[in-house]
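S.K.: quick one, what's the 3D model for this:
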Amino acid sequence: MIETATVYEIEDRYGSGAYGKRPTALVRGQGVYVWDIDGNRYLDATSGQGVAALGHCHPAVVAAVNAQASTLVSIHESFYNDRRAELYTLLDSITPADLSRFFLCNSGAEAIEGALKVAKLLTGRVGIVAAKRAFHGRTTGALSMTWTPKYRKPFQAWLPAVEHVAFNDIAAAVEAITPETAAVVVESVQGEGGVHPAANEYLQALRERCDQTGAMLIMDEIQTGFGRTGKWFGFEHADILPDIVALAKAIGGGLPMGAVCWRAAHGPIDRASHGSTFGGNPLACAAAIATLTTIRDQGIVERARSHGEWLMDELAALNLRGVRSVRGRGLMIGLELRGRVTPVLKALQEQGVLALPAGLNTLRLLPPLNISRDELRAVMDAIHEVLD
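M.R.: Residues are numbered from 1 along each chain as shown. All right, here's what the predicted structure looks like:
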């Protein structure tokens, strides 16, 4: 078997250099756990950056992928396909009201790019309003709306103009959204920006202002979609209906997939105005069908709500010396720390728990949505050990 040091050396020699890597080579996953090449087990409270909503190698997803892999892996959407049709029907049953037009792609950044194109095609406008602290991806259009300067600055000359306004600031948003605005893009919970939920009244005000000006309200549900916040979609907490929704991460159960969803009242977009070679391939569609069906049939959305509320209450009650505040929705939880998050991530890994940063000083938890309360308690015990 290949040595750990050899894996590190090969990846460092040939990799792009774009990623800051943890000194751990993960080679296997099952449920909420992953194992490194040396056999050490970790509870994965990242769920693969929010992708493995049902944990790693869920039996239903594995069975669906195996069956489809021996039937038909890829076919372009210029042909009809049974798995794609089944997924469209399932998505329509999950998305509220008339959010029933879908463009299937391969990632969250692609979903954001597609959402922007749909907004521009439907409105004929070019103005974009986004939020400070937002993160929408690293491709050119998505990067233009991502707030953090370290991501945008090297590519500034290539990026379209976007007006960034303070998140949860209704007055600033109302002023920025005009009849020249094509799209307002916002996360229902800012993930990379520190796990800050959007206030219900803020999202309601955005909806009202977009109605007044004819702008399209785009909700970025890439990290929050499909049950993460305790509802199918984060915007449902505010009882609003966006014009366009960007989806990814959990939709494919671990396989690369994204989707743009928009209201049927706006109609289809022009033929050949957008496209994707791999988008909507039967293999990814089969994985998505298995994932979303399992989430629906096993009550995973409500489980995420109740478990998330319990964990946030328990973490707040610990009153840890190293924690300023606990916030989030469902099983998307942020602990704002009194110091930098990087040493805490390292210490938690030594305790057998993998977690994520959200900025410089926020610890982010994105565990699988079907995690048990005992497993959540193990996460909490590790945090207690590290931060008290």
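S.K.: what is the burial count for I94?
M.R.: 17 (other CB atoms under 10 Å). In this view, the C-beta of every residue, glycine as well, is placed from N, C-alpha and C.
S.K.: OK, contacts around it?
M.R.: Neighbouring residues of I94 by CB atoms under 8 Å, 6 or more residues apart in numbering: 226, 232, 292, 296.
S.K.: next one: phi and psi at L104?
M.R.: phi -90, psi 140 (degrees, to the nearest 10).
S.K.: beta partners for it?
M.R.: Going by DSSP bridges, L104 is paired in beta bridges with A259.
S.K.: how far away is it from H274?
M.R.: According to CB to CB, to the nearest Å, L104 and H274 sit 11 Å apart.
S.K.: which one of those two has more residues nearby?
M.R.: L104 (27 against 16).
S.K.: touching, that one and T277? I think so.
M.R.: No. Using CB atoms under 8 Å, L104 is not in contact with T277; the gap is 11.6 Å.
S.K.: now the stretch 201-350 of the chain, which segments are flagged as low pLDDT?
M.R.: Residues of the stretch 201-350 of the chain meeting the criterion pLDDT under 70: none.
S.K.: for it, what spans make up the helices?
M.R.: For the stretch 201-350 of the chain, applying DSSP state H, counting those that start in this stretch gives helices covering 282-297, 300-318, 342-350.
S.K.: quick one: distance of the shortest one to the chain centre.
M.R.: So the one you mean is helix 342-350. Its chain's C-alpha centre and that of helix 342-350 lie 23 Å apart, by CA atoms, centre = their mean, to the nearest Å.
S.K.: after it, which helix or strand is next? Please name it.
M.R.: Sequence order places strand 353-354 as the next helix or strand after helix 342-350, per DSSP states H and E.
S.K.: what sits up against that following strand?
M.R.: Residues contacting strand 353-354 (CB under 8 Å, 6+ apart): 34, 42-46, 348, 378-379, 382-383.
S.K.: try it again with 10 Å
M.R.: 22, 24, 26, 33-34, 42-48, 345, 347-348, 365, 367, 378-383, 385-386 (CB atoms under 10 Å, 6 or more residues apart in numbering).
S.K.: among the residues you listed, which lie within strands?
M.R.: Taking DSSP state E, the ones among those that sit in strands are 26, 33-34, 42-44, 365.
S.K.: show me which of those is closest to V162.
M.R.: Closest approach between the ones in strands among the contacts of strand 353-354 and V162, by CB to CB: L365, at 29.7 Å.
S.K.: tell me how far that closest one lies from D243.
M.R.: In terms of CB to CB, L365 sits 31 Å off from D243.
S.K.: coming back round to it: just the buried residues from the contacts of strand 353-354, in ChimeraX please.
M.R.: Selecting the buried subset of these in ChimeraX, with 16 or more other CB atoms under 10 Å as the burial test, is done by:
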select :24,26,33,34,42,43,44,45,46,47,48,345,348,365,367,378,379,380,382,383,386
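S.K.: now for the helix or strand harbouring I10, which elements pack on it?
M.R.: According to DSSP H and E, I10 maps onto helix 4-14. With contacts taken as 3 or more CB pairs under 10 Å, 6 or more residues apart in numbering; DSSP states H and E, helix 4-14 sits against no other helix or strand.
S.K.: now it: buried residues?
M.R.: Applying 16+ other CB under 10 Å to helix 4-14 flags no residue as buried.
S.K.: contacts for it?
M.R.: Counting by CB under 10 Å, 6+ apart, 2-3, 19, 21, 23-25, 27, 36-38 sit against helix 4-14.
S.K.: can I get those residues in TSV including distance to H237 and pLDDT?
M.R.: Output for these, formatted as TSV (distance: CB to CB, whole Å; pLDDT from 0 to 100):
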residue	distance to H237	pLDDT
I2	46	87
E3	48	89
Y19	33	91
K21	35	93
P23	39	93
T24	35	95
A25	39	96
V27	38	97
D36	37	97
I37	41	96
D38	42	95
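S.K.: now those residues: which count as buried?
M.R.: Using 16+ other CB under 10 Å as the burial test, the contacts of helix 4-14 include 24-25, 36-37 as buried.
S.K.: nearest to D313 among the residues you listed?
M.R.: Nearest to D313 among the buried ones among the contacts of helix 4-14, with distances taken as CB to CB, is T24, at 31.1 Å.
S.K.: residues in contact with the closest one?
M.R.: Counting by CB under 10 Å, 6+ apart, the residues that T24 touches are 4, 7-8, 34, 36-38, 40, 42, 349, 354.
S.K.: ok, I218 next?
M.R.: Here I218 is in contact with 111-112, 115-116, 118-119, 128-130, 136, 145, 182-186, 210, 242-246, 260, 262 (CB under 10 Å, 6+ apart).
S.K.: mind checking which of those are in strands?
M.R.: 128-130, 182-186, 244-246, 260, 262.
S.K.: put together a markdown table for the residues you listed, with neighbour count on each row.
M.R.: Output for the ones in strands among the contacts of I218, formatted as a markdown table (neighbours: other CB atoms under 10 Å):
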| residue | neighbour count |
| --- | --- |
| I128 | 25 |
| V129 | 26 |
| A130 | 24 |
| A182 | 21 |
| A183 | 28 |
| V184 | 28 |
| V185 | 26 |
| V186 | 25 |
| I244 | 25 |
| V245 | 28 |
| A246 | 31 |
| V260 | 28 |
| W262 | 27 |
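S.K.: of those residues, which is the nearest to A52?
M.R.: A246 (19.5 Å).
S.K.: was I right to think the closest one contacts F235?
M.R.: No. Using CB atoms under 10 Å as the test, A246 is too far from F235 to be in contact (11.4 Å).
S.K.: what sits in contact with each of the two?
M.R.: 187, 219-221, 225.
S.K.: neighbour-wise, give me the winner out of the residues you listed.
M.R.: D220 (34 neighbours).
S.K.: give me the beta-bridge partners of that one?
M.R.: E187, A246.
S.K.: returning to that earlier point: closest to G322 among the shared contacts of A246 and F235?
M.R.: Set against G322, the nearest of those by CB to CB is E187 (26.3 Å).
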